[in-house]
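Colleague: Coordinates for the following, if possible.
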Amino acid sequence: MRNGTSVTSIGSPERAFVLHPYAKQGHVGQRTAEACLEEVVGLARAISLDVRLAEAVPIVRPRPATYFGTGTVESLGHMIEADEVGVTVFDGPLSPVQQRNLERAWKCKVIDRTGLILEIFGERARTKEGSLQVELAHLSYQRSRLVRSWTHLERQRGGFGFLGGPGETQIEADRRLIDERIVRIRRELEKVVRTRGLHRTARRRVPYPVVALVGYTNAGKSTLFNRLANAGVYAEDQLFATLDPTMRAVRLPSGRRFILSDTVGFVSSLPTTLVAAFRATLEEVLEADVVVHVRDISHPDAEAQKTDVLGVLGELGMEELRLAAMIEVRNKIDRLDAQARARQVERALHEPDTAALSAVTGEGVSTLLDLIEHRINATRRVLDIDVPLTDGATLAWLYRKGEVLSRRDDESLAHLQVGLDAADAARFEHRAAAAST
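Modeller: Down below sits the predicted model:
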């Protein structure tokens, strides 16, 4: 992490033990314990941890002090000691007390799921905005971790040491410094929000429609982004390969342009502090004209991942109507066998707003472009308009409110083909009717 101590060492990778606790009476949700364990191992490897051990551990109910029972803590401790593990990754939330007690029992660093994802985001952030958002989330998380670790400093006195009550404890001082830094970061992020608002206003004046890619991490959003925009966005078979949002102009086969936005990937049990911190970035999704949900259809937990993504979007404030109207991309069909691939392609043909494709090979991408164009055109009208060259006000209005697809001038008239939103098209027709009377 840029802020706080990183779990990775400068030299060789830190040896890690990954734990996924699950309820004995049945795993909660649609995922199996094995699938959840595999995901958190992938998250650990995303920050170059050397995963030596990985265990799905059954529990009856969490213990307040150590989460696990005494016997489980001891047996896991023996495994940690035998393999000389330096970091234990716990797939779930730990209270500050549980984290501290487990570290004492196992004599190694313990991080929970929130801490792990913060580590990944800290490594992936490239822009100033991304770094600020990660730092805000990290400080909010760190503030709750301030347990009484510095009791020897609590003897500080106020005043000159002989008047007044106890002075500020180390915990209180740390909390105050964190609170002050949080306030400063929020002010800086407010400027980012305002700047993004200005950018969105400027884009509306162009105006190109905005298409936002969303999806579970590693679903192939960045690969699809590169395929559509001929961009060089970093894309790897890795969880959270990219973090900062990227935008590019894309031309449809018809010649129309739109702005394509690639956003941060989602993950199950995404910490609420991260959702709050990245709200400014994810607002791009809420403002988009078209939202494209990219899914890894080859993943065994594809349906559960879809539920997680829709849940986060709902939490951000995307209403049910827009969630239902998203374009769904069933990506990575190249990883399926011939029969499964044919089945996905056939299903997509009979389901509205759905495309089955491979972002790697390009198969099915033309279908997605047709869906995007259809969705964009659903709320826009294309008008053929003749405007006198002397009518500068009308020409300026059309350029400001619409998308001029073509223009040909003769001696007296500008012959335009203009795409306008339905409301602006009605206003123009009313304006033209009024001018002719």
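
Colleague: Quick check: residue 340 vs residue 111, distance?
Modeller: Counting by C-beta to C-beta, to the nearest Å, the gap from residue 340 to residue 111 is 37 Å. C-betas here are computed from N, CA, C, even on glycine.

Colleague: the more surrounded of the two?
Modeller: Comparing residue 340 with residue 111 by neighbour count (other C-beta atoms under 10 Å), the higher total belongs to residue 111, at 21 against 13.

Colleague: Do me a favour and get the backbone dihedrals for that one.
Modeller: phi -130, psi 140 (degrees, to the nearest 10).

Colleague: State the distance from it to residue 93.
Modeller: For residue 111, the distance to residue 93 - C-beta to C-beta - is 11 Å.

Colleague: Same check on residue 185?
Modeller: As for residue 185, its distance to residue 93 is 23 Å (criterion: C-beta to C-beta).

Colleague: So the two - more neighbours on which side?
Modeller: residue 185 (19 against 15).

Colleague: Okay, and the nearest residue to that one once chain neighbours are set aside sits in which element?
Modeller: Among residues not flanking residue 185 along the chain, residue 136 sits closest, at 4.7 Å (C-beta to C-beta, 6 or more residues apart in numbering). Taking DSSP states H and E as the definition, residue 136 sits inside helix 128-144.

Colleague: can you pull out the helices in the stretch 101-250 of the chain?
Modeller: 113-124, 128-144, 170-205, 221-229 (DSSP state H, counting those that start in this stretch).

Colleague: angle of the first one against helix 128-144?
Modeller: Comparing the axes of helix 113-124 and helix 128-144 via axes from the mean of the first three to the mean of the last three C-alpha atoms, to 10 degrees yields an angle of 150 degrees.

Colleague: before we move on, what about the third one?
Modeller: If you take the same axes, to 10 degrees, helix 170-205 sits at 150 degrees to helix 128-144.

Colleague: other SSEs contacting helix 170-205?
Modeller: In terms of contacts (3 or more C-beta pairs under 8 Å, 6 or more residues apart in numbering; DSSP states H and E), helix 170-205 is packed against helix 128-144, helix 279-287.

Colleague: Please apply the same query to the first one.
Modeller: Where contact means 3+ C-beta pairs under 8 Å, 6+ apart, helix 113-124 is packed against helix 33-45, helix 128-144, helix 272-277.

Colleague: Including distance to residue 370, could those helices go into CSV?
Modeller: Converted to CSV, those look like this (distance: least, C-beta to C-beta, whole Å):
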stretch, distance to residue 370
helix 33-45, 34
helix 128-144, 33
helix 272-277, 33
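
Colleague: quick one, which of these is nearest to residue 376?
Modeller: helix 128-144 (27.6 Å; C-beta to C-beta).

Colleague: buried set for that closest one?
Modeller: Across helix 128-144, burial judged by 16 or more other C-beta atoms under 10 Å covers 129-142.

Colleague: same deal with stretch 249-258?
Modeller: 250, 256, 258.

Colleague: try stretch 37-53
Modeller: Those would be 37-47, 49-51, 53, for stretch 37-53 by 16+ other C-beta under 10 Å.

Colleague: which of those residues lies closest to residue 268?
Modeller: For the buried residues of stretch 37-53, the nearest to residue 268 is residue 39 (7.2 Å; C-beta to C-beta).
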